[in-house]
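Peer 1: let me see the structure of the following:
(one chain, ligands or ions: 1)
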Amino acid sequence: ELYTDPSQLTKSEYDFVVVGAGTAGNVIATRLTEESSFSVLVVEAGISNVGILAAEIPFLGQTLSPDTSVTWNFTTTPQAGLDGRVLQYPRGRVLGGSSTINFEIWTRASEDDWNRYADATGDNGWSWSEILPYMKKSESLVAPTDHHNTTGEVNPSVHGTSGPIQISLPGFPSEIDERIINTTQELPSQFPYNEDMNSGVPLGVGWTQCSVGTDGHRSSSATAYLEPALTRSNLDVLIMTTVTKLTTSSNITGVPHFDTIEIAQSPSSDRFQVTATKEIILSAGAVNTPQLLLLSGIGNSTALSALGITPLVELPDVGQHLADHPFLGNHWFVNSTDTLESIARNATLEGEDLTQWEANGTGQFSDPGANQIVYSRLSGNEQPAVDASAGPLAAQFEILPVNGFVSFIEATPNTGNFLTLATAVVSPVSRGSITLASNDPFADPIIDPGLLSDPTDVDVMVQAVKASKEFLTASAWKGFVLSPTADLAGATTDAALEAYVRNSTSTVFHPVGSARMTSGGSTDGVVTPSLLVKNVTGLRIVDASIFPFIPASHPQACVYAVAERAADLIKAAWA
Ligand SMILES: Cc1cc2nc3c(=O)[nH]c(=O)nc-3n(C[C@H](O)[C@H](O)[C@H](O)COP(=O)(O)OP(=O)(O)OC[C@H]3O[C@@H](n4cnc5c(N)ncnc54)[C@H](O)[C@@H]3O)c2cc1C
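Peer 2: Coordinates of the predicted model:
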């Protein structure tokens, strides 16, 4: 049943209560209610995704953020590494969470990333070979919207065929596709072609897989997991309701046992309580999960007391070690009018694209917009002072080519046609934090992703910009790429490049690690390898906040895999 107000709930006790119907939360709710004996309530602060056209049309997904009715309209603290700039920091606030508003890129990181999680936690269940079945379980590789022959563009043997999330290759060609593939043939040592970057070995240049179905619709945790499960009598979903606090009614085992959530629709509305007889599962995401732990008295006791919150559990790592991917849109003018800007500038064309998508789910609107990805490492003599990557198979930086102007901090110019080679530091050293501004659950937390706060990351970003220039030296770009835009053109020395990087970098919205997993015996960290919150009972965390290190990839596929494994861990614990 779907409820829109806590007063509609017909009971105040469930076996499991899931906080947040986001990417991970919906996997948990769906998998747990496969057991007919389990009752589950999911509480979501945001609205329903149903009927939101921009959430269905891949090309329009980017219009859902920042600052819309389906996002938490957060901002960061002034970022010292970015010349003190403040960034908008949206997260999904809607059924499906960030999977309803993200850019649909589907990447799994490398074998080394996952094997490092296993090493760091002492749990081989997080290793590449053990997590791969869960990656497959979450997805179905389906035909692209244009049904083109994908031989050589993806390796079906590393993919799932019957999981909920539909993933596919781009179904609308762009005029840079061929130039990019030709570049891999011309510069194979630096930019080798990779048939499938989701095989565990992501390095090279490959076709982007996206969470988009053959019907041209976004596949999110709301559409793919939750919607089909909503008819189950053991699943209730309550939307437009914020969990304000977790409370404890007993400590039979000598440590606090968290079994109750407090919920409200607005700061002034009535508070309701719901109890979980088995577990509370926190899936509120990398910003709100630590916020809710802190509001509930779990964190650094001194800091909590200073805010008038009674400390219940000393766990100083809550909200610490936040990691994110710095992202920089590098732009060039191109000798073409067939770029993405042309659509936004031409209402007739935009209307035609919409009509085509509505007719049969094909065309430009079925395509999120980045048809290839480059994952790379610095060569021997360029190695950074600290290599924070998981190992030789893990990327240090990414180049994301787009046939148009992409920036999250700059408006698209009114004239000119552009190529973007966005660069991102995907194995950063920098860390930030989530802390509380006040004890008001409706106040935004203080978000400091610490972007480029470590000089090593600046160095890697500078090298990544150089690599993107190198990419364009292939003859495939001759006659197409005209010149870099003024900011990039002016960055001719290393000092000028550093200034450019600090002035123009933002984020690609991948915060993780703010409630990180460590080994069971470690006094650091927030959760055990089974994702149970340390020093309490009754409470588990399943979302992007548990990663001990940031995956060197776009993280959603990794979040789904974590949630699929977590669902099995929970089922096993209560079998
Ligand atoms: C704009 C944008 C673009 C992105 N693009 C990509 C991409 O192309 N590819 C990729 O792999 N990743 C991308 N990401 C990142 C990816 O989407 C996230 O890493 C992932 O979805 C996080 O999943 P989660 O389960 O941790 O949190 P979320 O999916 O954010 O879910 C958290 C849910 O909890 C709810 N919630 C929070 N607090 C409360 C509360 N107190 N009470 C009730 N409910 C609450 C939220 O409203 C939300 O629905 C993008 C993210 C953004 C924001």
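Peer 1: what residues are up against the closest residue to the ligand within the stretch 51-200 of the chain?
Peer 2: When scored by C-beta to the nearest ligand atom, the stretch 51-200 of the chain has residue 97 as its residue closest to the ligand, at 2.5 Å. Where you see a C-beta, it was placed from the backbone N, CA and C, and this is true even at glycine. With contacts defined as C-beta atoms under 8 Å, 6 or more residues apart in numbering, residue 97 is in contact with 20, 21, 22, 23, 25, 26, 44, 46, 91, 221, 285.
Peer 1: repeat that for 10 Å
Peer 2: 20-26, 44-46, 49, 70, 72, 91, 220-222, 283-285, 288, 543-544, 559 (C-beta atoms under 10 Å, 6 or more residues apart in numbering).
Peer 1: leaving out chain neighbours, which residue sits closest to the closest residue to the ligand within the chain?
Peer 2: Residue nearest to the ligand within the chain: residue 22 (1.8 Å; C-beta to the nearest ligand atom). Once flanking residues are discounted, residue 22 sits nearest to residue 97: 2.2 Å by C-beta to C-beta, 6 or more residues apart in numbering.
Peer 1: what distance do you get for that neighbour to residue 374?
Peer 2: 28 Å (C-beta to C-beta, to the nearest Å).
Peer 1: pretty sure residue 160 is touching residue 106, no?
Peer 2: No: using C-beta atoms under 10 Å as the test, residue 160 is too far from residue 106 to be in contact (11.4 Å).
Peer 1: quick one: which of those two has more around it?
Peer 2: Neighbour count, other C-beta atoms under 10 Å: between residue 160 and residue 106, residue 106 has more, with 24 against 19.
Peer 1: I'd guessed that one sits against residue 207; true?
Peer 2: No: Residue 106 is not in contact with residue 207 according to C-beta under 10 Å; the separation is 11.1 Å.
Peer 1: need the overlap of contacts for these two.
Peer 2: Common contacts of residue 106 and residue 207, defined by C-beta under 10 Å, 6+ apart, comprise residue 197.
Peer 1: contact partners for the residue of the chain closest to the ligand?
Peer 2: 42, 44-46, 91-100, 220-222, 283-285, 288, 543-544, 559, 563.
Peer 1: can you check residue 13 too?
Peer 2: Contacts of residue 13 by C-beta under 10 Å, 6+ apart are 39, 41, 259, 260, 273, 274, 275, 276, 277.
Peer 1: assign the fifth one to helix, strand or coil.
Peer 2: Judged by DSSP: H, G, I helix; E, B strand; the rest coil, the three-state class of residue 273 is strand.
Peer 1: isn't it up against residue 260?
Peer 2: Yes: using C-beta under 10 Å, residue 273 is in contact with residue 260, at 5.4 Å.
Peer 1: the two: who's more crowded?
Peer 2: residue 260 (19 against 14).
Peer 1: now name the helix or strand holding that one.
Peer 2: Applying DSSP states H and E as the criterion places residue 260 in strand 257-264.
Peer 1: just how off-centre is that strand within its chain?
Peer 2: Counting by C-alpha atoms, centre = their mean, to the nearest Å, strand 257-264 is centred 27 Å from the centre of its parent chain.
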